[in-house]
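Undergrad: just coords:
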């Protein structure tokens, strides 16, 4: 392993001068810095990040806690956070909760033990007003940026989220403008604030059109393809006579679509379908899905901007990013009766 004294011997300067040059200290001439940095590069010198961390009391690492990388929503968010973090000289440690509160606590504690400088967290939502691990983060004054909607147990932290309500409102309004009046809704997880906001957007659009929410058109789903399949089977069994289906997210919509195809229905000729999220699968599905585009890369980038403000002890405020309706082939006017 190449050490500072090896570089110093090679260049013919003191170890202190090498250390200052590699830290771009102002009291070392530009020419000397160039010679030292070139020698360090040629000799294969790698800085000891642990030693640097002890000196600066920082680790130059962030922790990133999400449910799972198998969830396509997180692909661009993780990419954006890693890209921006590297630009700032930080590494990112990734941990998966599998949407389990106990595992979330374990993940956060392990990252804290690694002395991360800040945490990006997509919370595991629960109904309780408090969660022990989040109370500890407050006590430790750990810089935390939430990826998604805050809930009572974590609302002390800044967040970056999407305009969930307005995005869902746009979808329902689009279906209403096509002439649909019986729009089934496949809900997201009951504990998730984003799911409640999306349902509220659906409800507001209906009321604006002079329609009340019909409980016979509401089906509890979740967030996965399997959840969409189960909810659609229930919908088919109850014969709710819907002409369109609005799903809480794209994966639920895909599960719904696959089930409808198995039942011999055509999309959108027999029934329209819309999702939320604009994951890659939505555009390239058998029938490209009408959905809501979430600016996932911008969300990750905005989260890093907030983290920078927190680390610098600057005032940081939560951000809501706009959602955009994307109309594709899965929605059309209702079939003639």
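TA: That came in fine, so what should we check first? What you see is a predicted model, and the numbers here were worked out from it, not measured in a lab.
Undergrad: Tell me which helix or strand the closest residue to residue 258 other than its chain neighbours sits in.
TA: Closest residue in space to residue 258, ignoring its immediate chain neighbours: residue 229 at 6.7 Å, by Cβ to Cβ, 6 or more residues apart in numbering. For the C-beta atoms, the positions are set from N, CA and C on the backbone; glycine is no exception. Using DSSP states H and E, residue 229 sits in helix 225-238.
Undergrad: remind me which residues of the stretch 201-337 of the chain are low pLDDT?
TA: 337 (pLDDT under 70).
Undergrad: Could I get the full set of strands for it?
TA: With strands called from DSSP state E, counting those that start in this stretch, the stretch 201-337 of the chain shows them at 218-220, 244-247, 272-274, 291-293, 319-321, 324-326.
Undergrad: I'd assumed residue 183 was in contact with residue 218.
TA: No - contact status for residue 218 versus residue 183: not in contact, 10.3 Å apart, counting by Cβ atoms under 8 Å.
Undergrad: of those two, who's got more company?
TA: residue 183 (25 against 18; other Cβ atoms under 10 Å).
Undergrad: For the more buried one, give me its contacts.
TA: 172, 175-176, 202, 206, 217, 242-246 (Cβ atoms under 8 Å, 6 or more residues apart in numbering).
Undergrad: where do the strands sit along the stretch 1-150 of the chain?
TA: Using DSSP E, counting those that start in this stretch, the strands found in the stretch 1-150 of the chain span residues 61-66, 91-96, 118-121, 144-147.
Undergrad: mind checking how far the third one is from the chain centre?
TA: The chain centroid and the centroid of strand 118-121 are separated by 12 Å under Cα atoms, centre = their mean, to the nearest Å.
Undergrad: Give me the contact list for it.
TA: With Cβ under 8 Å, 6+ apart, strand 118-121 has contacts from 62-65, 81, 104, 108, 111, 137, 142-147, 154, 157, 303, 307, 310-311.
Undergrad: Please indicate which of those are buried?
TA: Among the contacts of strand 118-121, those scoring as buried are 62-65, 81, 104, 108, 111, 137, 142-147, 154, 157, 303, 307, 310-311 (criterion: 16 or more other Cβ atoms under 10 Å).
Undergrad: Could you check what's spatially nearest to residue 1, not counting adjacent residues?
TA: residue 46 (7.8 Å).
Undergrad: Also residue 172?
TA: residue 205 (3.5 Å).
Undergrad: so how many other residues sit close to the one you found?
TA: 22.
Undergrad: Contacts only, for it.
TA: With Cβ under 8 Å, 6+ apart, residue 205 has these contacts: 168-169, 172-173, 176.
Undergrad: Let's see if you can find the most crowded of the residues you listed.
TA: Ranked by neighbour count (other Cβ under 10 Å), the contacts of residue 205 have residue 168 at the top, with 29 neighbours.
Undergrad: which secondary structure elements does the helix or strand encompassing that one contact?
TA: Using DSSP H and E, residue 168 sits within helix 164-177. Secondary-structure packing of helix 164-177 (3 or more Cβ pairs under 8 Å, 6 or more residues apart in numbering; DSSP states H and E): strand 183-187, helix 193-208, strand 244-247, strand 272-274, strand 291-293, strand 324-326.
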